[in-house]
Every structure is written in C-alpha cells, then in structure tokens.
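**Q** Everything below, folded, please.
(one chain, ligands or ions: 1)
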Amino acid sequence: MNKTHLGHTARKRFGQNFLNDTFVIEQIVDAINPQNGENLLEIGPGLGALTDPVCERVDALTVIELDRDLAERLRHHPFHGGKLTIIEQDALTVDFTPLAKDDAPLRVFGNLPYNISTPIMFHLFKYAHLIRDMHFMLQKEVVNRLAASPGNKNYGRLSIMTQYYCQVQPVLNVPPGAFVPPPKVDSAVVRLAPHKQPPVDVADVKVLERVSTMAFNQRRKTIRNSLKECISETQLLELGLDPVRRAETLSLEDFANIANWVHKHDSIEN
Ligand SMILES: C[S@@+](CC[C@H](N)C(=O)[O-])C[C@H]1O[C@@H](n2cnc3c(N)ncnc32)[C@H](O)[C@@H]1O
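**A** Numbering: from 1, shown residues only. Next up is the predicted model:
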C-alpha cells in the first residue's frame, strides 16, 4: 500500500490519512464556506488538503499540527505560509480560550486523526460557548453515533453528550479511496453547531456523562438494574420513568432529569 503522499510518509501513530480527492475536498470546503474575517481554525492540516483551498478563499487561518515535519512544511508553504498561524502542539492540550475573540467565535474544522477524534471533540465541547461551528471528517460509524436518536442501535453516550452541546448534521459520506493511505473504514463529514442555549438544563455535565456511561455500559439491561448504583426504582417512577425501560429508549431530557436528581442527592450526601 502506498503510504507516501507529496513526499511525506504517513505516520500511523498520528492517524495520518491524507485527503486526495479534489471533488470530496471541494465539497468539504463548500460545506465549511469559509469567509474573510471569520476566526477559522484547522486541526491537523497535514499536507494542506483542506488548508490550501481554504486559504484560497480567506486571508488568515490558524492551524494546530502535532507532527513536527508537517508543521515545518507549512511554515515554508510557498503560497499560503504568510496567511497561517501555526500552533505546533497536541490539539488535546490546546487552551482554546485565547484563540476565540468576542466578535468572532471560532469556526473549527479538520480531517481528524481517527484514533483520538472522540477525545478531541470532548475537549472542544468544553469551549462550546466560544465556537460557532465545527466541521469534522470522522469514521462514518462515529458520525452515526453522534447523530443517532433514541431507539437507534447507534444511540449511546456519544449521542447524548454531543447533542447536549451541539446540533448535529451529517454532511457527506466519504469512501476509503479518497485518502492516501486509505483507512480501513468508511468516513463521513459532520457539522456540529453548538447550541446557544442547551436544549435541556443540566446542573453538572459530569454527572450527565457519568449517568449515561453507566446506563449504556449495560445497554441490554433495564435502567432499574443498570442505574441501581445511583437511583432507585421508586425515584425513577417519581421522575415519570418506567424502570423497565432500557437506556436506548431514553431521551436527552430523560437523562438530564436523572442526572439532575443524582446531582442533587449526591450533593446532599456530601
Ligand atoms: C487524517 S490526517 C488529515 C491531514 C489533512 N488535513 C488531510 O485532510 O489530508 C490528521 C492530521 O492530524 C495531525 N494530528 C495527529 N494527532 C494530532 C494531535 N493530537 N494534535 C494535532 N494534530 C494532530 C496529523 O499529523 C495529521 O496531519
């Protein structure tokens, strides 16, 4: 399999699968629709498959790249070097607060390294209030999970947490052949637009995460069983939830109600 693209040998540990399909690239950039004056930020620019066409449309772009060789190449980019602000760092450790500006919320995009795409999204969710939107290439299976509704087999913790923070809109499916080297899985682009107001009130997001993790770790069990460590059958009934339901039938609002109850009663015990 050819792992060398534009003179760079792809590094598996950095999740490097470079986009190499002009039509797909054009569709992604059209979906992002970058405009001058916007606060654009790319995660993992790599060899510039998205960076270049975005820079053709705007004057400034910030990029975060962990691979030292790729960051160095970008620094010496013959056409767009002057437009780029390059942050050579692990995206998971970047503090996004100083990158956002009052009048220009962040517009984040990237063909993410698949091995750490979920941690990167969760890291970004902490800054959701500073972000206008995010466009990410992910494994198709992950996009299905982000977008899934109750009752769907892909519905789980990732759906709950993502939909708490963002409106989720699948944009485009991308086959392995659009990349060098081709990944083993199908891919898809998703648009995540942080809600201005969360769709449900949650007292402590960590509790929402804990409760949904607990419930979906045993997704075949009734919530009476899977959540028995944190809430009793009687209390579920008091919240209007049938204890014999399974996690995959509960809405975000149901999870928020459980999480708020748990939060309130944990605090009383503390
Ligand atoms: C799937 S490749 C995409 C490259 C390019 N944007 C493209 O579409 O062809 C992922 C990119 O993320 C970079 N990367 C991997 N881990 C990273 C991290 N923790 N922080 C920032 N960049 C990372 C890789 O070096 C690589 O350039």
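**Q** thought Tyr165 was touching His195?
**A** Yes: with contact defined as CB atoms under 8 Å, Tyr165 reaches His195; the gap is 6.9 Å. Using the backbone N, CA and C atoms, a C-beta is placed for each residue, glycine as well.
**Q** Just want to know which of these two has more residues nearby.
**A** Applying other CB atoms under 10 Å to Tyr165 and His195 shows that Tyr165 carries more neighbours, namely 22 against 14.
**Q** measure that one to the ligand for me?
**A** When distance is defined by CB to the nearest ligand atom, to the nearest Å, Tyr165 is 20 Å away from the ligand.
**Q** Likewise for Lys140?
**A** 14 Å.
**Q** Let me know how buried that residue is, in neighbour terms.
**A** Lys140 has 18 neighbouring residues, counting by other CB under 10 Å.
**Q** Name the helix or strand for the residue nearest to Gly44 when sequence neighbours are not counted, please.
**A** Spatial nearest neighbour of Gly44, chain neighbours left out: Gly110 (5.0 Å); criterion: CB to CB, 6 or more residues apart in numbering. Per DSSP states H and E: Gly110 is located in strand 106-111.
**Q** what does the model give Lys12 for pLDDT?
**A** In this model, Lys12 is scored at 89, pLDDT.
**Q** what's the neighbour count on it?
**A** Quick note: Lys12 (other CB under 10 Å) scores 11 neighbours.
**Q** phi, psi of it?
**A** Here is the backbone geometry of Lys12 (degrees, to the nearest 10): phi -60, psi -40.
**Q** And Asp186, by the same measure?
**A** Backbone torsions of Asp186, given as degrees, to the nearest 10, read phi -70, psi 150.
**Q** Distance of it relative to the ligand?
**A** Counting by CB to the nearest ligand atom - Asp186 and the ligand are separated by 14 Å.
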